[in-house]
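Student: Quick one: sequence plus predicted model below, questions after.
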Amino acid sequence: MRGVVARYAAVNRGAYSLAHQSILAYARYRYLKVATALVVVSVAAYFWDRPPNGRYGGTWLGYTLGTVGALLIFWLLYFGVRKRRYSSNAGMVQGWLSAHCYLGTTLIVIATLHAAFKVGWNVHTLAYMLMLVVIFSGFYGVYAYLRYPRVMTDNLGDDTLQMLLIRIADLDRQSRQLALSLPDTINRLVLASAQGTRIGGPWYQQMRGRDPRCPTTAASNGVQIIGRKLSGEQAKTNHQLYAVLLKKQELVARARRDVQLKAWMDIWLYIHVPLSIALLVALTIHIVSVFFYW
Amino acid sequence: MRILVISVTRNRKGQPMRAERLVEGEMIRLGRGTQCEIHLPDPRVALFHAAIYRQGESIFIHAPEAELAVDGGPEREARLTPRVHVTLGPYEMTVEPPPAGADLALAIELVRPLPDDLAGIKAKSRITLEETVLSKRGPAWILAIVFGLVFLVAPVLNAVLPMLRQVSVKLPVTPDQSWNPGQLSAGHQAFGRQCGTCHEQPFVHVRDHVCIDCHVKTPGHVETVALQTKLFGGTRCANCHADHKGAEALVRRDPDLCATCHGDLHRFKADTTLANATDFATNHPPFKLTLWRGPGRNDMVRVSQTDKARLVEQSHLKFPHDLHLKTSVRGPKGRKTLECRSCHVPDASGKGFEPISMNKSCLECHTLEFEPAVTTRQVPHGSVDDVMLTMQEFYANIALNNIPVDVVDLGEIQRSIPRLGGGVITEQQRQRALTWAKSKAQQVSEDLYAARVCIVCHEVTKAVIQGESGNEIAWGVVQVHVASAWMPKARFDHLKHRTNKCADCHSVETSHSSADIAIPNIVNCRGCHAGNKPVPSKVVSTCVACHGFHLPNHPPFTVRDSAALDASAAAILAMTRKLQ
């Protein structure tokens, strides 16, 4: 029966990873196949077509590739709107995300062929470059979304950041109680640790994942050093306090690591999203301008 | 196994309140997870924290991966007997004696509720990027507005407001420069900063009249305006001449453009005499030569090089190339060997040749002496009247002056001229001398034209006309038509072919008649020139290597009917004017 209980615990813990499926492998790489087909057709058409005035965006194929590219961009941007509608079920969002990644990648080829490898100091190339930055930031996003959740799970286990904070607060309370009977210096360190320790902070602090002037680290170091001079009941209490502070230090490090991972997982969105909007504007201007001066 | 679970809570006075329920099963799970039979809703408890099970008569609690404290000491497993205290996170469980119908009674109480320190640490921490200075919305708005103003509003205003254009054209960067998709052709760069020069109306194609305003005399492609309109009425200049594609990329050079029509000309003009052509190497008719047939100056015929019977030059000039190209030809200054360039002198461009003239090329050998006894006097070349006048003057001078004007060997002349004697001549003497000079000139002209000089190269005519002193003979020379270009519808640059010898293409050594035409045929050209596709050791030669589209002497294209085109544009133009 003990074995049954242990096995149940193992399955219970692993249940999530069994159900998890990569967005890249969604529906047996359905959108990878679609994207590959799109790229192959585009490249073949590009080399098959030999327009009299040379290849550029204004030939029939140029207009076709441009239209396909623009529609793709509008559709991919619509994903941003779609994602926020929670009326659909999660599986659908996963499918959309898979399509978003693969079809977004095809734009590198489609837009480059549309431009026929020509660039210049103009709004057309601006739109193109914005698109590339958006796509490559998206590549990072795919990497982050595939890698970091696993690292975060390894870091947190069954816990959540919320639970870590609760436990840290609990330890703060315990450490303060223990420190009451200890010398003033230790008490001050413990108080500073309880009141001054912070998780995260500004964006660069979040991404760094540690605080070089962490009051908890200072407290545990201090308690260990000062505690050597104590004896009797005080030494015993101090030992307990040191154990509590070490536990807290470990929890704080894990919490910071979680915040760090989350920050690295999300930071690309602060490029991807605003530049997507900028791309939408530049693309619209590109289309208007080429027909304004037809 | 049946367990009586007693949930203990405390009222305001701290008195315990007990709520009982019975759970049943082989294995009773405890944990935060809702699937657990004994649900402990606290974050400090694991999802699945522990389980209670029976082994034999005993009941155990087992926590495989979590912490338990049994009677104060840490344990993974414990036997549950009455009065045993098990601490599970913030919960404390006490085993009580089981009532009838239950195997176990378990009182559970939350003894350590969540601490208040939580609010403190939460207040101090910023745990997501959304709580930082970073923003998605802000930069998005800024970029959208800046791009909109710089790349849309400014160019559009510049396009529709002439006043703004007057100012902006002087700026280092014009507002609509960001719209320029590529470098303009070299000729258009001079006005390239003023987009409106060509792009007159928003959302309307560049129209032909914009091109023709400058390129006013550009000839069309075919001979008649009617055919030109029929064939090219629907084609805009810009269909072929797409700009913004680099400094030298405004002219189409692809054979496909030509082949569109010349691949099947009968589709466009059923009665055309032109043969189809799509590729110089594989599908090009034999060359046609343009030959003069007269009588008018421009009365030409086009004769295919395969039509040998009609391939005859009618220049009315006698010129055997073979005689002239013999080694060591006798001339007045001794013997010399003529080369092609002795007569065919390249023109200033080097592409063609200076016209051959009697004076420059022939006169050195073919002198025009009329009086055999006098080698220093010649008749002028070109005009029959001048020839006669020159001879009359020569003989009159001798007669009247009674002395040689030039250093002449008088000989026979001296014996036959009238002796006038010295002093003032009488009218009778003068008339006699003049009559003699005219008759002498007439007499010599017979020899000059028909026997010795003119007839060597020319076809000479002879007519009897009524002159002042009876019948006179009027000599004539048939007008010469020496062709300068046998293939005027193609370009040929002799300079580019200077690495070849003349004889590689023009075989004239055996030609003894000026009726022969020494223009190379297509086979000769194909020896070096490939068609549209590359061939080893041959030059790729597309249509435009030899042919032009805008053919000289053809009427210019008519501008397409612009009224229909403008119908949609007029509305936009009116709107932009309103804005102004």
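Tutor: Received the coordinates, thanks. Residues are numbered from 1 along each chain as shown, chains lettered A, B, ... in the order given.

Student: What number of neighbouring residues does residue 29 come out with?
Tutor: No chain in the question, so chain A it is. 15 (other C-beta atoms under 10 Å in any protein chain shown). For glycine as for every other residue, the C-beta is placed from the backbone atoms N, C-alpha and C.

Student: you looked at the wrong chain, it should be chain B
Tutor: For residue B:29, the neighbour count with other C-beta under 10 Å is 23.

Student: cool, residue B:57 as well?
Tutor: Number of residues near residue B:57 (other C-beta under 10 Å) recorded here: 6.

Student: Same check on residue A:281?
Tutor: 22.

Student: Check what pLDDT it gets.
Tutor: Here, the pLDDT recorded for residue A:281 equals 94.

Student: mind checking the SS state of it?
Tutor: With DSSP: H, G, I helix; E, B strand; the rest coil as the basis, residue A:281 sits in helix.

Student: give me every residue that touches it.
Tutor: For residue A:281, the contacting residues are B:143-144, B:147-148, by C-beta atoms under 8 Å, 6 or more residues apart in numbering or on different chains.

Student: Next: residue B:293.
Tutor: Contacts for residue B:293 (C-beta under 8 Å, 6+ apart) come out as B:299-301, B:314.

Student: With adjacent residues omitted, what lies nearest to residue B:84?
Tutor: Distance criterion C-beta to C-beta, 6 or more residues apart in numbering or on different chains; nearest residue to residue B:84, sequence neighbours excluded, is residue B:95 at 4.7 Å.

Student: Tell me if that neighbour really is in a strand.
Tutor: Yes - under three-state DSSP, residue B:95 falls within a strand.

Student: isn't it right next to residue B:71, touching?
Tutor: No - contact criterion C-beta atoms under 8 Å: residue B:95 and residue B:71 do not qualify, at 10.7 Å.

Student: export the strand or helix carrying residue B:7 as CSV, just CAs?
Tutor: Take DSSP states H and E as the rule and residue B:7 turns out to sit in strand B:2-10. Output of strand B:2-10 as CSV, limited to C-alpha atoms (Å, rounded to 0.1, in the frame of the first residue of the first chain):
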residue,chain,number,x,y,z
ARG,B,2,-14.4,4.8,7.5
ILE,B,3,-13.0,7.9,9.2
LEU,B,4,-15.0,10.5,11.1
VAL,B,5,-13.4,13.8,10.3
ILE,B,6,-14.1,16.5,12.9
SER,B,7,-13.3,20.1,11.7
VAL,B,8,-12.6,22.2,14.6
THR,B,9,-13.0,26.0,14.4
ARG,B,10,-13.1,28.6,17.2
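
Student: and it, is it in reach of chain A?
Tutor: No - using C-beta under 8 Å from any C-beta of the partner chain, we find that strand B:2-10 stays clear of chain A, coming within 15.5 Å at best.

Student: List of residues touching that strand?
Tutor: Strand B:2-10 is contacted by residues B:16-24, B:28, B:38, B:52, B:96, B:98-99, B:101-110 when judged by C-beta under 8 Å, 6+ apart.

Student: what does stretch B:310-328 give?
Tutor: Applying C-beta under 8 Å, 6+ apart, the set of residues contacting stretch B:310-328 from outside is B:289, B:291-294, B:301, B:303, B:305, B:329, B:335-338, B:343, B:456-459, B:478-483, B:508-518.
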